[in-house]
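J.: fold the following and give me the result.
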Amino acid sequence: MSWFDELPEVITRADFGALVARPPRNIELMASRGLAADPAYRNRNKFVWEEAAALGWFRSLQEHAVIVPASAQAMADLAAHGAYVCPLDSKHVGLARPKMLLMYRPGGQGRVFGVDAVETVNQQIDGTREASARTRQIVRDGEPLDAWQRPWTVFYLREAGAIGKITPGIQQGRYLRLDDVLDALTTDHLAVPTLDEAFPARK
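T.: Purely as a prediction, here's the structure:
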């Protein structure tokens, strides 16, 4: 075996984007915000990753939280499965591996959950554990997730508390700093920052 054979496999932003079903620039921007694996280096000013590290990032819970709307479907999934189910192509939090998840309810209240595990169905990337038969049988429109062509991300939750006031209201999922959620559990108020405020892109 030559020294060349021992070099790690690397992937470009186009390769990485194809694996996670995101435009190449999108996954590069996520990495620059700390919301995907750090690149190994730049080539012609574009990120390049070691493949094992890039994909391994998704197998652990990371130092961020997410907030999602508490829709009727989300509440039904929570009651039936103790989980939040997200299609990967929603492009908001489908790639997240958060330690906490906050459900926003109309009127400005929220329920806070710790995340026990993240499982993926019909994806090229892993969750923090292998998808169980129970997860694959969660139903959408009369069909189990496993029967769909669509990829899904499933967050298994445990309740951690409540927040009395969340401003401004949200219409779609977004990332949050863990410290903001923990502080809000004490103050009973969460002022939701923009993504640029919470996770500024590193140059």
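
J.: which residues touch the one helix or strand Ala14 maps to?
T.: Using DSSP states H and E, Ala14 maps to helix 13-20. For helix 13-20, contacts defined as C-beta atoms under 8 Å, 6 or more residues apart in numbering pick out 11, 23-28, 36, 46-49, 51, 54-55, 95, 124-125. Heads up, the C-betas are built off the backbone N, CA and C, glycines and all.

J.: let me see the contact set for the most centrally placed residue in the chain.
T.: Residue closest to the average C-alpha location in the chain (C-alpha atoms, centre = their mean): Ala96, at 1.2 Å. Residues in contact with Ala96, defined by C-beta under 8 Å, 6+ apart, are Leu35, Gln62, His64, Val66, Val118, Thr153, Gly173, Tyr175.

J.: if we use 6 Å, what do you get?
T.: Contacts of Ala96 were listed using C-beta atoms under 6 Å, 6 or more residues apart in numbering, and they are Val66.

J.: for the helix or strand bottoming out on mean pLDDT in the chain, packing partners?
T.: Within the chain, no helix or strand scores below strand 41-43, which has a mean of 88 by mean pLDDT, DSSP states H and E. Strand 41-43 sits against no helix or strand, with contacts defined as 3 or more C-beta pairs under 6 Å, 6 or more residues apart in numbering; DSSP states H and E.

J.: just how off-centre is it within its chain?
T.: Remark: strand 41-43 is offset 25 Å from the chain centroid, using C-alpha atoms, centre = their mean, to the nearest Å.

J.: thought Thr128 was touching Glu119?
T.: No - under the criterion of C-beta atoms under 6 Å, Thr128 makes no contact with Glu119, lying 7.7 Å away.

J.: between the two, which contacts overlap?
T.: Joint contacts of Thr128 and Glu119 (C-beta under 6 Å, 6+ apart) do not exist.

J.: which one of these two has more residues nearby?
T.: Each of Thr128 and Glu119 has its neighbours counted (other C-beta atoms under 10 Å); Glu119 has more, 24 against 18.

J.: look up how far Pro151 lies from that one.
T.: 12 Å (C-beta to C-beta, to the nearest Å).

J.: run a quick neighbour tally on Leu176.
T.: 23.

J.: which non-adjacent residue is nearest it?
T.: Nearest residue to Leu176, sequence neighbours excluded (C-beta to C-beta, 6 or more residues apart in numbering): Ala65, at 4.3 Å.

J.: all set now, cheers.
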